[in-house]
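> I would like the atomic coordinates for the input below:
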Amino acid sequence: MIAPRENPHLFGHPTAEATFEAARSAGRLHHAWLISGAEGIGKATLAYRLARRLFTAAGDPNDPASPSFRRVAQATHADLLTIAREWDDKRKRQRSEIVIEGARDVAGFLRLTPAEGGWRVVIVDGAEHLNRNAANAILKVLEEPPVRAVLLLTCAAPGRLLPTIRSRCRHLRLDPLDSVAMDQALAVILPGHDPGLATLAEGSPGRAALLADEGGVVIGALVDGVLRADAASSITRAWDLADKLNRSDAGYSTFMHMLRDRLSAAVRDAARSGGQGRADAFLSRRPLGEWGEVWHALGRLQDETERSNLDKRHAIVASLELLNAP
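Below you'll find the predicted structure:
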């Protein structure tokens with residue numbers, strides 16, 4: 001998978017890119033842009049693409065041979081600062097939050113004169129992970145934006161941002177890729193991919209790449225089996241399922257994400273049809289209105305398990321008990 005800052009390709013999202021370009025060309029570029037959408041849909045790739053557009057006075061900003069492209073890709077462009085969750089060496093994963101140490105540099109950086117006479121750009125990648133202090137530091141910049149400075153915030157969950165941050169940004173909402181764009185993306189990033197990945201990824205090339213690495217097609221079949229099984233047989237098979245998923249480092253996380261996605265999609269479909277259309281059989285295990293709390297409970301269990309490095313086998317069994325409790 002190509003890292004977003006090194007990626008010359010953007011599949012889909014022509015409206016979002018055109019909206020930004022129209023504002024830039026007209027000299028009415030807003031100082032902050034919120035780029036939202038599902039994980040792996042291309043938010044960070046678009047953010048780096050827009051930054052390169054601001055840094056490139058002439059020529060194609062997405063040509064890998066261009067000076068601005070190379071410097072952005074190598075993280076050496078003097079007018080670009082990126083903040084994101086840092087890597088936790090002890091736990092071998094990204095930290096759960098963007099902390100104040102990363103965000104406090106933003107104001108000073110943006111108030112410097114652009115090194116190349118153009119724009120200063122800050123990308124906040126995964127803005128939903130800003131903790132309270134970091135979010136307040138970003139808000140302070142948004143309240144008093146420097147000239148010739150642009151903030152690009154990528155966010156998979158805008159509802160987790162401070163309302164005052166959202167209200168000060170122009171919003172670019174990225175939709176899942178349609179089948180044509182998805183086929184084009186997967187032909188580049190996953191040549192010879194399993195056709196089932198496109199369906200599982202739900203319009204997200206990044207998710208397709210992740211699922212390919214984590215055996216997503218197999219795990220998707222396990223999720224389907226859990227939801228099709230009656231409550232008794234599902235619990236009986238729980239430890240066997242836990243053993244299968246525990247063989248992969250990311251098996252638990254992938255399973256939980258897919259389980260919650262399938263659950264939310266099924267509940268949405270049932271609610272939209274008013275109970276008159278097709279409904280997944282497992283929904284009959286409890287009143288429709290109670291499934292929202294099950295979804296939240298599964299999310300809390302996953303967060304606690306991954307944050308505290310708890311036994312994932314026990315967490316899988318507890319998840320199925322939550323799903324099947326009357």
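> Next, please give the residue ranges for the strands of the chain.
Along the chain, counting by DSSP state E, strands occupy 32-36, 80-83, 87-88, 93-94, 120-125, 149-155, 170-173.
> thinking A270 is in contact with F282, fair?
No. Judged on Cβ atoms under 8 Å, A270 makes no contact with F282 at a distance of 10.8 Å. Any C-beta I mention is one placed from the backbone N, CA and C, and that applies to glycine too.
> Sketch out the low-pLDDT regions of the stretch 151-300 of the chain for me.
214-217, 229-236, 246-250, 274-279 (pLDDT under 70).
> For K92, give me the pLDDT.
Looking at K92, its pLDDT stands at 65.
> What separation do you get for the residue nearest the centre of the chain and V223?
Geometric centre of the chain, nearest residue: E39, 2.3 Å, by Cα atoms, centre = their mean. Separation of E39 from V223 (Cβ to Cβ, to the nearest Å): 17 Å.
> Also V150?
Separation of V150 from V223 (Cβ to Cβ): 41 Å.
> next one: I41
Between I41 and V223 the distance is 21 Å, computed by Cβ to Cβ.
> Same question for T305.
T305 is 17 Å from V223, by Cβ to Cβ.
> what does G117 give?
Applying Cβ to Cβ to G117 and V223 gives a distance of 53 Å.
> out of the two, which sits in the busier spot?
V223 (22 against 9; other Cβ atoms under 10 Å).
> got the contact list for the more buried one?
The contact partners of V223, by Cβ atoms under 8 Å, 6 or more residues apart in numbering, come to 255, 258-259, 262.
> could those be laid out in JSON lines, adding neighbour count?
Output for those, formatted as JSON lines (neighbours: other Cβ atoms under 10 Å):
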{"residue": "F255", "neighbour count": "27"}
{"residue": "M258", "neighbour count": "19"}
{"residue": "L259", "neighbour count": "23"}
{"residue": "R262", "neighbour count": "17"}
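> if we take those residues, which one ends up nearest to N7?
If you rank the contacts of V223 by distance to N7 using Cβ to Cβ, M258 comes first, at 25.3 Å.
> wait, the closest one sits on D224?
No. Using Cβ under 8 Å, M258 is not in contact with D224; the gap is 9.4 Å.
> quick one, longest helix in this protein?
Assignment by DSSP state H gives helix 251-273 as the longest helix of the chain.
> got a list of what the closest residue to V141 other than its chain neighbours touches?
Excluding the flanking residues, the one nearest V141 by Cβ to Cβ, 6 or more residues apart in numbering is A107, at 5.1 Å. Going by Cβ under 8 Å, 6+ apart, A107 touches 137, 140-141.
> again, only using 10 Å
122, 137-138, 140-141, 144, 146, 149 (Cβ atoms under 10 Å, 6 or more residues apart in numbering).
> residues touching A208, list them.
Residues in contact with A208 (Cβ under 10 Å, 6+ apart) are 1, 40, 177, 182, 185-186, 189-190, 193-194, 197-202, 216.
> Give me the subset of the residues you listed lying in helices.
182, 185-186, 189, 197-201, 216.
> could those residues be laid out in CSV, adding distance to A315 and neighbour count?
Shown next, in CSV, are these (distance: Cβ to Cβ, whole Å; neighbours: other Cβ atoms under 10 Å):
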residue, distance to A315, neighbour count
M182, 32, 22
A185, 32, 24
L186, 31, 23
I189, 31, 18
L197, 26, 21
A198, 29, 19
T199, 27, 14
L200, 22, 21
A201, 24, 27
G216, 19, 25
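> Would you reformat the residues you listed as JSON lines and include distance to P326?
Putting these into JSON lines (distance: Cβ to Cβ, whole Å) gives the following:
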{"residue": "M182", "distance to P326": "39"}
{"residue": "A185", "distance to P326": "43"}
{"residue": "L186", "distance to P326": "41"}
{"residue": "I189", "distance to P326": "44"}
{"residue": "L197", "distance to P326": "35"}
{"residue": "A198", "distance to P326": "36"}
{"residue": "T199", "distance to P326": "32"}
{"residue": "L200", "distance to P326": "30"}
{"residue": "A201", "distance to P326": "34"}
{"residue": "G216", "distance to P326": "31"}
